[in-house]
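Novice: generate coordinates for the sequence data below:
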Amino acid sequence: MASTSRMVPSGEDETQEEELERFDDFTLASSWERFISEIEAVCRQWLADGPKNLLEKGAVQLEFSQKLYRVKFELKYAAKSYSVDYYFEKNSGGKIADWDCTLHDLQLCFGVKEFLVIAPQSASGVVLDAPEASKLLSAVAIALSNCSSLWPAFVPVHDPSRKAYIGIQNMGTVFTRRFEADRISSQVPVKLMHLEGLYELFVSKFGYSTLDYAMRLFKVQFTMKSTYRTIPNDDDDDNDLQRPAAEIEDYGRTRDGDTDASNRSQWDDDCPWSEWYSAENPVKGFELIATWPEKMVESSLEMAELENASPHEAEKWMILPILSPNFDSSEGNSSSEGNRIGFASQLRLLVDALDMSFDAHFMEDFVSVENPSSANLKSSMVVPPPTVIDRLLKDLFHEGSQLPDFTGGEHKNSRAIKGAPLGSLFAQFCLHSLWVGSCNIRAIAVLWIEFIREVRWCWEESQPLPKMHANGSIDLSTCLINQKLQMLAICIEKKCELNEEFQDCIESNDHIKEDGLVANEATNMHIPREEFYGIRDSPLTQDGLRCSEPIKSKSSMKHKDASSTDEKSSDRIRRGSAGVVGSMMLLKSYQSMHAPFTQDPSLMTEDMHEERLQAVEASGGSFNFSAQLERDILSSDMAAFKAANPDAIFEDFIRWHSPGDWENDKTERSGPSRNLMDGLKDDWPPRGRLSQRMSERGNLWRKIWNDAPALPAYEQKPLLDPNREGEKILHYLETLRPHQLLEQMVCTAFRASADTLNQTNFGGLKQMTMKIEQLYLTLASVLKDLQTNSISGNSETIEDLRRLCVIFEHVEKLLTLAASLHRKFIQAPRLSADIFTDYYNFYLPRMGTGSSDVNEKEFNKKQYVRMQERQIVSDMFTPPTPNQSWRKVLSMGNLLNGHEPIAREIIFSMRDSMNNHHYAAQTPKDFKEEIETYRMYTCGTSNDLRVALSVTSFD
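Specialist: Numbering: from 1, shown residues only. Predicted coordinates for the structure are as follows:
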């Protein structure tokens with residue numbers, strides 16, 4: 001019974017056992033331990049991967065360094081998110097250089113190479129609570145110790161502006177290194193602005209507090225870097241504003257120098273583009289970094305001496321150009337339009353005007369009140385006032401009327417662009433148009449109308465057309481408008497000469513007797529006309545108008561030609577001869593053949609050649625039709641040939657003018673040794689005949705020959721009718737379609753702008769020369785579509801032209817930099833070339849990308865200054881003027897021409913041996929490695945001071 005009464009059911013027995021087994025198991029991981037475990041796991045993974053595998057897994061390269069990479073891991077603890085960043089280099093061995101410009105901030109402050117940073121994922125990115133910072137640092141330290149890693153770890157603390165950190169590193173033995181960095185942003189003690197005070201601050205970290213540091217000797221390693229910056233000029237406060245010569249109200253005044261802005265000297269006054277705009281100087285100044293080698297310092301007195309040391313005593317100089325923010329940020333994309341003023345920005349506006357030019361049939365439609373589209377244009381496009389137009393026309397037509405050298409400074413590939421040459425009238429018009437009225441279509445229309453009125457005035461008043469050659473042939477490689485203006489200039493010149501000859505004839509007739517009229521005409525008009533029309537054939541010595549009676553009598557004895565005996569004696573006079581044509585003889589006589597002076601062929605522009613070619617093609621290439629087109633010049637040449645060879649026949653003219661149409665049965669002998677009389681007996685008459693086309697019945701050439709009188713060139717009617725051709729040219733210019741005008745303006749403006757920039761003196765930099773040559777080839781390739789007049793308002797050519805403006809802007813930007821550097825380093829060309837090469841390599845990948853991420857990177861490549869170049873660089877740091885000296889109160893030493901450093905960075909260090917110490921008893925006796933027990937980095941300016949301290953302790 002007792003036993004049964006004490007019996008407990010089996011279910012109750014199990015419940016009691018469970019209650020006895022309930023207790024707290026402290027072996028289970030807490031959230032803190034799990035947090036450490038996560039950090040340890042990711043650190044073990046990074047250690048196992050190594051730098052090579054981490055790069056393959058997507059490690060990110062830092063923008064400011066080509067050697068430092070970063071991987072990131074996110075984790076949570078206590079409802080907060082944290083990120084652990086591991087910074088490493090490909091080559092994990094070796095020691096970092098003290099003043100490497102590519103170092104991370106923590107590498108520079110504490111001398112570490114690879115490290116971890118744990119920070120909260122918050123807006124500030126720092127730990128504001130001190131206990132939390134200590135807890136995070138402890139967690140990372142435990143995790144690194146568990147995985148036997150020697151990486152230092154850092155936690156950002158305090159306010160972000162202070163750049164404060166705390167850190168720890170396990171040295172692998174009994175040594176532990178602790179880090180701390182902070183910054184004073186105001187009220188820096190005067191003592192800490194000098195080297196002596198900074199030295200005593202470092203010594204106080206390991207010396208006894210009761211000691212007088214100035215009287216004790218401590219062997220401290222010291223190295224220093226000072227950064228100097230040139231003071232900007234007073235006018236740089238205005239941001240060195242670019243002066244577009246096309247400010248509408250001040251356009252004329254800025255060009256005439258009536259405003260204060262024009263009178264002020266600009267950096268690019270001697271640059272070729274300064275006639276049109278003043279570019280902002282891309283180089284605002286320079287930073288000079290002088291570094292001193294590491295040396296042993298034992299007292300404060302030595303530091304006081306170093307305070308007065310000259311930067312010329314520094315071991316190394318590095319120079320960095322300070323680029324203008326507008327220059328360094330403008331990449332030619334749409335977001336940067338308007339930041340820089342230059343040819344490229346105005347060419348972009350001209351392309352927009354071309355796009356709008358298809359909306360009207362005449363240029364007057366863009367300014368006419370009756371045009372329905374003009375109302376929309378008025379609200380958005382500014383028309384230059386009459387005063388601006390008057391000043392511009394004065395510059396084009398009345399100032400600098402001397403003829404420019406069109407080939408001077410011209411690039412070898414410039415003529416591949418079908419535009420007007422630089423300096424010509426139309427090229428100057430196009431360049432002026434870029435800067436007037438924001439280069440809109442209405443402003444261009446107003447300017448073009450007034451331009452044509454001025455051209456017509458020159459024609460009607462017989463005034464020479466300025467900036468145009470009035471002689472020579474038409475340059476068909478230029479645009480059609482330039483060809484027309486060149487032909488008009490020639491017509492004006494011909495018109496003036498005809499008027500002068502007419503006046504001379506009237507005056508001479510009052511004093512000439514009737515019986516001497518013919519003789520006087522021969523003497524008075526022969527020389528001027530020959531000079532006027534020139535010599536068409538190869539230059540031969542002219543023997544005047546000699547009488548050919550002896551030859552005539554000789555031929556009359558050999559050939560009793562009835563027709564020749566009936567001719568009047570006046571017709572037997574040889575006139576207009578330029579000399580004998582080798583050994584060629586006339587077929588019907590034994591006289592030598594004479595080459596006549598002939599008129600120059602009639603001048604024709606490209607469109608006239610095309611019309612004639614189309615007419616020939618339409619006729620099926622008929623020989624007689626071609627002769628009909630050339631009737632005037634053929635008749636003139638035949639008349640001149642008859643006058644120079646009175647006994648000539650049609651076959652003689654063909655032998656001289658078109659040798660291919662005379663077929664010889666036997667080659668005629670020629671040479672000075674040949675006996676003329678023997679040749680006449682043996683080989684006369686020569687065996688030959690006319691070609692088939694010249695022998696055909698009804699040949700037009702023979703008909704023209706029969707009708708042509710025997711007149712020398714100076715007595716013929718001019719082939720070019722200046723009055724008729726001049727009026728045709730003016731009609732073409734006045735009725736030119738807007739899009740045809742703008743197409744030629746775009747070609748000419750690109751060519752003239754490129755030719756202007758090509759005259760820049762940039763020291764012959766190889767990269768710049770190559771880039772300019774590539775620009776010309778690109779211009780010729782893209783602009784060839786405009787030469788065929790085949791584009792339309794919706795054509796892709798407009799977009800190609802806009803992209804061409806971007807390319808032009810890149811080259812213009814690089815050229816501006818090259819010119820600025822060349823002027824600053826004219827006595828140190830190596831520095832100019834190396835700095836430009838560095839920027840060119842930096843900028844080249846960004847040309848045409850237009851991406852926003854690459855624009856954020858700034859150029860910071862420094863260039864080494866050789867010893868012989870130091871004085872040249874030093875001279876750039878001119879002593880401050882009275883207006884500049886107030887800006888800063890001198891508070892630091894190491895002055896350079898009166899300039900104090902804008903930043904002075906110093907590294908103090910104390911080293912100790914690892915053996916012969918009770919904490920290092922286990923180290924071998926012959927182990928003599930030194931460790932850095934104390935290290936302090938300071939970066940001070942006149943207004944703030946940053947200090948970073950690392951201490952190695954024996955825990």
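Novice: A strand includes Leu350, no?
Specialist: No - with DSSP: H, G, I helix; E, B strand; the rest coil as the criterion, Leu350 is assigned helix and is not in a strand.
Novice: show me the contacts for it.
Specialist: Residues near Leu350 by Cβ atoms under 8 Å, 6 or more residues apart in numbering: 433-434, 439, 742, 745-746, 749. Quick note: C-beta positions are derived from backbone N, CA and C, even for glycine.
Novice: among those residues, name the ones in strands.
Specialist: Secondary structure assignment by DSSP state E places none of the contacts of Leu350 in strands.
Novice: switch those over to JSON lines; also include pLDDT, neighbour count and distance to Ile118.
Specialist: Output for those, formatted as JSON lines (pLDDT from 0 to 100; neighbours: other Cβ atoms under 10 Å; distance: Cβ to Cβ, whole Å):
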{"residue": "Ser433", "pLDDT": "94", "neighbour count": "25", "distance to Ile118": "63"}
{"residue": "Leu434", "pLDDT": "93", "neighbour count": "24", "distance to Ile118": "58"}
{"residue": "Cys439", "pLDDT": "89", "neighbour count": "23", "distance to Ile118": "57"}
{"residue": "Leu742", "pLDDT": "94", "neighbour count": "26", "distance to Ile118": "63"}
{"residue": "Met745", "pLDDT": "95", "neighbour count": "28", "distance to Ile118": "64"}
{"residue": "Val746", "pLDDT": "95", "neighbour count": "24", "distance to Ile118": "60"}
{"residue": "Ala749", "pLDDT": "96", "neighbour count": "25", "distance to Ile118": "60"}
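Novice: quick check: the farthest pair among these?
Specialist: Comparing all pairs in the contacts of Leu350 by Cβ to Cβ, the longest separation belongs to Leu434 and Leu742, at 12.5 Å.
Novice: show me what contacts Phe842?
Specialist: Contacts were defined as Cβ under 8 Å, 6+ apart; by that measure Phe842 touches 859, 861.
Novice: pLDDT of the helix or strand containing it, averaged?
Specialist: Taking DSSP states H and E as the definition, one finds Phe842 inside helix 829-843. Over the span of helix 829-843, the pLDDT mean works out to 94.
Novice: list the buried residues of it.
Specialist: Applying a neighbour-count criterion of 16 or more other Cβ atoms under 10 Å, one finds 831-836, 838-840, 843 buried in helix 829-843.
Novice: longest helix anywhere in this structure?
Specialist: Across the chain, the helix with the greatest residue count (assigned by DSSP state H) is helix 480-509.
Novice: in helices only, show me the contacts of Leu350.
Specialist: Mapping the contacts of Leu350 onto helices (DSSP H) picks out 433-434, 742, 745-746, 749.
Novice: I'd like the buried residues of helix 829-843 as TSV, with distance to Ser274 appended.
Specialist: Rendered in TSV, the data for the buried residues of helix 829-843 read as follows (distance: Cβ to Cβ, whole Å):
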residue	distance to Ser274
Leu831	25
Ser832	20
Ala833	24
Asp834	27
Ile835	23
Phe836	21
Asp838	27
Tyr839	23
Tyr840	24
Tyr843	24
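Novice: from those residues, pick the one nearest Met604.
Specialist: Proximity of those to Met604 (Cβ to Cβ) peaks at Tyr840, which lies at 46.6 Å.
Novice: list the contacts for that closest one?
Specialist: So, once contact is read as Cβ under 8 Å, 6+ apart, Tyr840 ends up touching 767, 814.
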